[in-house]
Every structure is written in C-alpha cells, then in structure tokens.
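S.K.: Sequence isn't available, so here's the structure alone:
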C-alpha cells in the first residue's frame, strides 16, 4: 500500500500554492517526494519531503 500525502505545493502554471493529494515516492537520489496533480489546471505537482 502506497503512502499518501495531503498538503500544498507550488504550481508553476497557476503561479500559486495549491492544496493537493498525492502519493509518496522515493526518487533515484533517495529523497521522499509527493507527486500529484493540480486541482485547477491538471499540471503535475511535486513536493520534496526529505530523506527516506
């Protein structure tokens, strides 16, 4: 079961912070990051959470 994240991230297209819900993944460099989509425009949002 994947870990989920609910919080905010900066949307580059809307140019403001948006609340989103996404799943937590581990990047190649070992950092935990939340990935989801912007509720307004549908652009992919990423938020780095810290080391895994």
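M.R.: Now that the structure is in, tell me what you want to look at. Remember, predicted model here, so these are calculated numbers, not experimental data.
S.K.: Going by neighbour count, which residues of stretch 13-24 are buried?
M.R.: 18, 20, 22 (16 or more other Cβ atoms under 10 Å). The way it works is simple: take the backbone N, C-alpha and C, and place the C-beta from them, glycine included.
S.K.: which regions of this structure lie under the pLDDT threshold?
M.R.: 1, 52 (pLDDT under 70).
S.K.: Scan it for its longest strand.
M.R.: Ranked by number of residues, the top strand in the chain under DSSP state E is strand 16-26.
S.K.: List the buried residues for the following helix or strand past that one?
M.R.: Downstream of strand 16-26, the first helix or strand assigned by DSSP states H and E is strand 31-37. Within strand 31-37, the residues that count as buried by 16+ other Cβ under 10 Å are 32-36.
S.K.: Strand 31-37 packs against which elements?
M.R.: With contacts taken as 3 or more Cβ pairs under 8 Å, 6 or more residues apart in numbering; DSSP states H and E, strand 31-37 sits against strand 4-11, strand 16-26, strand 44-51.
S.K.: quick check: angle from the second one to strand 31-37?
M.R.: For the pair strand 16-26 and strand 31-37, the angle between their directions (axes from the mean of the first three to the mean of the last three Cα atoms, to 10 degrees) equals 130 degrees.
S.K.: Note down every partner strand of strand 16-26 and its orientation.
M.R.: strand 4-11 (antiparallel), strand 31-37 (antiparallel) (DSSP bridges).
S.K.: Residue 50 is nearest to which of those strands?
M.R.: strand 31-37 (5.8 Å; Cβ to Cβ).
S.K.: What are the contacting residues of the closest one?
M.R.: 5, 7, 9, 20-27, 43-52 (Cβ atoms under 8 Å, 6 or more residues apart in numbering).
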